[in-house]
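1. when you get a sec, could you give me coordinates for this:
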Amino acid sequence: MKKLFKGILIIIGIAIVLFLLIQLVPYGRNHTNPAAVNPVAWNNAQAEAIARRACYDCHSNETVWPWYSNIAPGSWLIQIDVDRGRRRLNFSDWNGRRSGEFAEVIQGGEMPPIQYIILHPNAILNQSEKDILIQAVQSLP
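-> Next up, the predicted model:
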């Protein structure tokens with residue numbers, strides 16, 4: 001029993017050391033929010049509010065970086081999600097090229113993704129909110 005306890009303590013110690021070491025990797029802590037180049041001109045205030053609540057953290061240059069976005073490996077995952085989100089669709093650099101795909105992704109429940117919803121339950125969209133958001137985005141230039 002003592003050997004098992006000692007083995008568990010060693011494993012815990014190694015895990016703690018590894019956790020502390022990965023904090024030295026700088027990736028995921030450069031939390032920049034570039035200036036908006038061509039922000040979307042919302043024509044529906046309700047849709048804008050929904051988008052800001054459920055989409056803007058990853059799909060705009062107005063990301064709110066929570067405290068846990070500074071702790072690896074979560075910082076890495078959050079940075080990857082924000083980088084991908086901004087590349088795919090960015091409300092701060094709107095060109096409308098993804099508006100058709102937007103409806104499909106929202107209606108299909110792919111967005112917001114589960115990893116975001118777990119920490120941001122207020123981002124869950126009901127069908128009415130999905131419809132408002134999709135209609136507003138499709139009506140944008």
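2. which other helices and strands contact the lowest-mean-pLDDT helix or strand in the chain?
-> In the chain, no helix or strand scores lower on mean pLDDT, DSSP states H and E than helix 99-107, which sits at a mean of 84. Using 3 or more Cβ pairs under 8 Å, 6 or more residues apart in numbering; DSSP states H and E as the contact criterion, the secondary-structure elements in contact with helix 99-107 are helix 127-138. All C-beta spots, glycine's among them, are computed from the backbone N, C-alpha and C.
3. I'd like to know which elements the helix it packs on is packed against.
-> Using 3+ Cβ pairs under 8 Å, 6+ apart as the contact criterion, the elements in contact with helix 127-138 are helix 45-54, helix 99-107.
4. in the first one, what's buried?
-> Read that as helix 45-54. Residues 47-48, 50-51, 53-54 are the ones in helix 45-54 that count as buried (16 or more other Cβ atoms under 10 Å).
5. ok, stretch 109-129 next?
-> For stretch 109-129, the neighbour count (16+ other Cβ under 10 Å) marks 111-112, 116, 123, 125, 129 as buried.
6. would you point out the most distant pair within these?
-> Greatest spacing in the buried residues of stretch 109-129, by Cβ to Cβ: Y116 and E129 (15.2 Å).
7. contacts for the least confident helix or strand of the chain, please.
-> Around helix 99-107, the neighbours that count as contacts under Cβ atoms under 8 Å, 6 or more residues apart in numbering are 89, 111, 125, 130, 133-134, 137-138, 140.
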